[in-house]
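Asker: Could you look at this predicted model? Sequence included:
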Amino acid sequence: MNYLNPDLMCKLADVSIAVIGAGKWGQALQFALSRNVTCKITSRHTKPIEHFVSVEEALNCEYLIFALPAQVVRGWLEAHFTFHGQKILVAAKGIEQGSGAFLNEIFAHYVPKEHLSFLSGPSFASEVMQGLPTAVVINSSNEILSKEFASFFPSFMKTYTSKDVIGAEVCGAYKNVLAIASGICDGLKLGNNARASLIARGLVEMHRFGKYFGALDETFLGLSGAGDLFLTASSTLSRNYRVGLFLAEGKRLEDILLALGEVAEGVFTSEAICELSLKHTIYVPIAHEIALILKGKEPRESVRDLLAD
Ligand SMILES: NC(=O)C1=CN([C@@H]2O[C@H](COP(=O)(O)OP(=O)(O)OC[C@H]3O[C@@H](n4cnc5c(N)ncnc54)[C@H](O)[C@@H]3O)[C@@H](O)[C@H]2O)C=CC1
Ligand SMILES: O=C(CO)COP(=O)(O)O
């Protein structure tokens, strides 16, 4: 039961909101928000979900939550989206392959900054679907927008707000690559010392990368950075961690992704990070080795190279 004040409860009754993307995260967000508001949802394929609507009907809502894989966001916006004042919460985590574009840069072509916010923090969809305690951050240059979206979330999801959009984006995207690395470490049975060292050095690397783009130090110490990294790099609930496990076992990436049946954003973001690090001369040894492993390098060779580095 959510004990919101009566005034807010009245306002919530009138909220017009839709989730774009009915994958694991989209459905989990709809489930959570439905504690407080009537939340519509849409997807490219019709699904037997309550309040499932057409893309057109969803886009007519005042508040939109984008839970699409990061690599398809630009194409989806180009094909479907016209701005007419909607307020946006981007729930995807990733950096676009090829362009190296952050999601805030992609959305900026379609939506003014003051209508844009970004969701970050340690939040497995499967645990949100169970109503387990979760803490997330809503990041926007427009604090009023962040607080509006925060007011829609149920009491089991504690929401913080921050203005460090780029920091949240870097953390959400980079931790997926580090989760693959952690899965490889465990798949090779290198031990707890190795995994802890890898995660710690990964945090340093993610911070170095983020600082280049103007991210704030505290973001890396909080829920968006350390929180989401510790979660994703230490659990088989993480798709990215599982990709790492299976790579260490010698499975082919195509077979891993086919069997996974869900997106593993780190596979695509690792290449984007390497493209950006090359362009801006940023030292990213772990992300570099993950990109090489995804292209076929032997994981044990990468471990030797990282230890020798
Ligand atoms: N699953 C989780 O625990 C969390 C996921 N996220 C992020 O949310 C985003 C979505 O992830 P999930 O929902 O877990 O992935 P998913 O693999 O469960 O679902 C992806 C959805 O996108 C749809 N899709 C794929 N290509 C499309 C296209 N070209 N056009 C339209 N729809 C398309 C698929 O049909 C599917 O419904 C990712 O960026 C992920 O990192 C963030 C936090 C938690
Ligand atoms: O972002 C997530 C948890 O915060 C989900 O991680 P995976 O995409 O690795 O499952």
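Answerer: Good, I have the coordinates. Ligands and ions are numbered 1, 2, ... in the order given.
Asker: now the spatially most central residue of the chain: how far from S197?
Answerer: Nearest to the mean C-alpha position of the chain, counting by C-alpha atoms, centre = their mean, stands K93 at 2.6 Å. K93 sits at a distance of 24 Å from S197 (criterion: C-beta to C-beta, to the nearest Å). C-beta here means a position set from N, CA and C on the backbone, and glycine is covered the same way.
Asker: Can you report how many residues lie near E143?
Answerer: Neighbourhood size, E143 [other C-beta atoms under 10 Å]: 13.
Asker: Next, the contact list for it, please.
Answerer: 161, 163 (C-beta atoms under 8 Å, 6 or more residues apart in numbering).
Asker: The residue in the stretch 1-150 of the chain that ligand 2 sits nearest to: how many residues sit nearby?
Answerer: Using C-beta to the nearest ligand atom, the closest approach of the stretch 1-150 of the chain to ligand 2 is made by S123 at 4.5 Å. Counted by other C-beta under 10 Å, the residues lying close to S123 total 25.
Asker: pretty sure it contacts V136?
Answerer: Yes - counting by C-beta atoms under 8 Å, S123 does reach V136; the two are 5.3 Å apart.
Asker: Mind listing the shared neighbours of those two?
Answerer: Common neighbours of S123 and V136 (C-beta under 8 Å, 6+ apart) are M157.
Asker: Doesn't the residue nearest to the centre of the chain lie inside a strand?
Answerer: No - residue state for K93 (DSSP: H, G, I helix; E, B strand; the rest coil) corresponds to coil; a strand is not indicated.
Asker: Need the pLDDT of L4.
Answerer: pLDDT recorded at L4 is 49.
Asker: what do you get for A13?
Answerer: So, for A13, pLDDT stands at 77.
Asker: OK, contacts around it?
Answerer: Counting by C-beta under 8 Å, 6+ apart, A13 has contacts V37.
Asker: separation between it and ligand 1?
Answerer: Distance, A13 to ligand 1, using C-beta to the nearest ligand atom, to the nearest Å: 27 Å.
Asker: A70 and A18: what is the separation?
Answerer: 19 Å.
Asker: Looking at those two, which has the bigger crowd around it?
Answerer: In this view A70 and A18 are compared by other C-beta under 10 Å, and A70 has more residues nearby, 27 against 24.
Asker: element containing I166, please.
Answerer: In this assignment (DSSP states H and E), I166 forms part of helix 165-187.
Asker: That helix close to ligand 2?
Answerer: Yes - contact of helix 165-187 with ligand 2 (C-beta under 6 Å from any ligand atom) involves 176, 179.
Asker: is ligand 1 contacted by that helix?
Answerer: No - Helix 165-187 is not in contact with ligand 1 by C-beta under 6 Å from any ligand atom; minimum separation 6.6 Å.
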